[in-house]
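Chemist: Fold the following, please.
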Amino acid sequence: MNNAVMIVGEHVVVPSEMELIEAFKSPKINALPPYEIGNKLKDALSKAYYHLGYKVPETEEFIKLQIYLADFLTTEKAYQNVCIDEIVIAIRRGSDRQYGEFFGINPATITGWIKAYMDSESRRDGKIIQAKINTKDMPKTVPTPQEQWDEFVKRLKVLYSNFLNGINIQPIEAAFAFKVLHRSKIIKFDEVRRMSLKSHALTQIQTEIDPKNAFTMAEKRKMNIAYEALIVKGTEDDKVISRAMALGLIEWFSDLKAFGTSIDEAVNDDF
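Modeler: Down below sits the predicted model:
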């Protein structure tokens, strides 16, 4: 299978891991002035509130939450050397409920997300991959296409297991998996089904970037620009196509579940 993937050692680096590797390049908490930490927290928290369907608190309460979290990050030794974009990822994944159920957004919830992220296997694995990249710990020979494919299928089984257990799959990773399966002619959706996915994706993204959801005038101006560009491109917008592929993977998983088909059966037989 000829797909553009990054190989570290014998491991195929998936998009969610690449996201962490990029986050590790961002400034550390102890290297940032308070206002920059505050800006990052404000943006991440605003998105979390919106994602969960909560109303952002009044300005004073919202600022108090940001100040508390900034103080938590800068005074706790365990977090002073953490990269700021890791905190953004922790908050986003927490709002996706990857770290269990919670009861409202509050300081304990957010710090719980950060702690859960720090203890997560995904961060540990990301650090291992980063270390291998930094030390150029790469094999002299590149894995064969079959070896890369086997690694992809292994990861696909994890994603399918997550789907069956109700665990959210990051859209960027779902889109990547769909693209590989579609190019490999394993997913064979017809034009009607593809257009339905694009239409569904367009509706989702229109809702997400609707200027009515802006919290500030500056944010509203940015969202207006993005919204107008989306309307012009419609279902051919890159973001819409990527989201449609992510939705397509979930539909494919639903088909597998309905027919009682395993991943091994699906990737080795016509479906």
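Chemist: got the buried residues for stretch 87-104?
Modeler: Counting neighbours by 16 or more other CB atoms under 10 Å, one finds that the buried residues in stretch 87-104 are 87-96, 98-99, 102. Where C-beta positions appear, they are placed from N, C-alpha and C, glycine not excepted.
Chemist: What is the lowest-pLDDT residue among the residues you listed?
Modeler: Sorting the buried residues of stretch 87-104 by confidence puts residue 102 at the bottom, with a pLDDT of 70.
Chemist: Quick check, that residue in contact with residue 109.
Modeler: Yes. At 4.9 Å, residue 102 counts as touching residue 109 under the criterion of CB atoms under 8 Å.
Chemist: list residues touching both of those two?
Modeler: The overlap between the contact sets of residue 102 and residue 109 (CB atoms under 8 Å, 6 or more residues apart in numbering) consists of residue 94.
Chemist: What about the closest residue to residue 234 other than its chain neighbours, how many residues nearby?
Modeler: If the residues on either side of it in the chain are set aside, residue 234 comes closest to residue 202, at 6.4 Å by CB to CB, 6 or more residues apart in numbering. Burial of residue 202 is recorded as 22 neighbouring residues (other CB atoms under 10 Å).
Chemist: What of residue 254?
Modeler: Using other CB under 10 Å, residue 254 has 11 neighbouring residues.
Chemist: For residue 160, see how far away it is.
Modeler: Summarising the geometry, the distance separating residue 254 from residue 160, computed by CB to CB, to the nearest Å, is 11 Å.
Chemist: cool, residue 237 as well?
Modeler: Counting by CB to CB, the gap from residue 237 to residue 160 is 28 Å.
Chemist: show me the contacts for the residue positioned nearest the centre of the chain.
Modeler: By CA atoms, centre = their mean, the chain has its centre lying nearest to residue 170, at 4.1 Å. With contact taken as CB under 8 Å, 6+ apart, residue 170 is in contact with 15-16, 96.
Chemist: so what's it scoring on pLDDT?
Modeler: Reading off the confidence values, residue 170 has pLDDT 90.
Chemist: still on that earlier bit, mind checking the SS state of the residue nearest to residue 234?
Modeler: Residue 202 falls in the helix class when you classify it by DSSP: H, G, I helix; E, B strand; the rest coil.
Chemist: Wait, it touches residue 239, no?
Modeler: No. At 9.3 Å, residue 202 and residue 239 do not qualify as touching, with contact defined as CB under 8 Å.
Chemist: thinking again about what came up before, measure the residue nearest to residue 234 to residue 133 for me?
Modeler: For residue 202, the distance to residue 133 (CB to CB) stands at 37 Å.
Chemist: same thing with residue 75?
Modeler: Using CB to CB, we find residue 75 at a distance of 31 Å from residue 133.
Chemist: So between those two, which is more surrounded?
Modeler: Summary of the neighbour comparison: residue 75 and residue 133, criterion other CB under 10 Å, with residue 133 having more neighbours (16 against 9).
Chemist: Tell me how far residue 210 lies from residue 44.
Modeler: Residue 210 is 20 Å from residue 44, where distance means CB to CB.
Chemist: For those two, work out which one has more neighbours and name it.
Modeler: Ranked by neighbour count (other CB under 10 Å), residue 210 and residue 44 place residue 44 first, with 22 against 14.
Chemist: Could you export the helix or strand encompassing the more buried one as PDB, CA atoms only?
Modeler: Mapping residue 44 onto the secondary structure by DSSP states H and E places it in helix 34-52. Extracted in PDB, the C-alpha atoms of helix 34-52 (Å, rounded to 0.1, in the frame of the first residue of the first chain):
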ATOM      1  CA  PRO A  34       1.400  35.200  32.100                       C
ATOM      2  CA  TYR A  35      -0.600  37.000  29.300                       C
ATOM      3  CA  GLU A  36       0.400  34.400  26.700                       C
ATOM      4  CA  ILE A  37      -0.600  31.500  29.000                       C
ATOM      5  CA  GLY A  38      -3.800  33.300  29.700                       C
ATOM      6  CA  ASN A  39      -4.600  33.800  26.000                       C
ATOM      7  CA  LYS A  40      -4.000  30.100  25.300                       C
ATOM      8  CA  LEU A  41      -6.200  29.100  28.200                       C
ATOM      9  CA  LYS A  42      -9.000  31.500  27.200                       C
ATOM     10  CA  ASP A  43      -9.100  30.100  23.700                       C
ATOM     11  CA  ALA A  44      -8.900  26.400  24.800                       C
ATOM     12  CA  LEU A  45     -11.600  26.900  27.500                       C
ATOM     13  CA  SER A  46     -13.900  28.800  25.200                       C
ATOM     14  CA  LYS A  47     -13.800  26.000  22.700                       C
ATOM     15  CA  ALA A  48     -14.400  23.400  25.500                       C
ATOM     16  CA  TYR A  49     -17.500  25.300  26.700                       C
ATOM     17  CA  TYR A  50     -18.900  25.500  23.200                       C
ATOM     18  CA  HIS A  51     -18.100  21.900  22.400                       C
ATOM     19  CA  LEU A  52     -19.900  20.700  25.500                       C
END
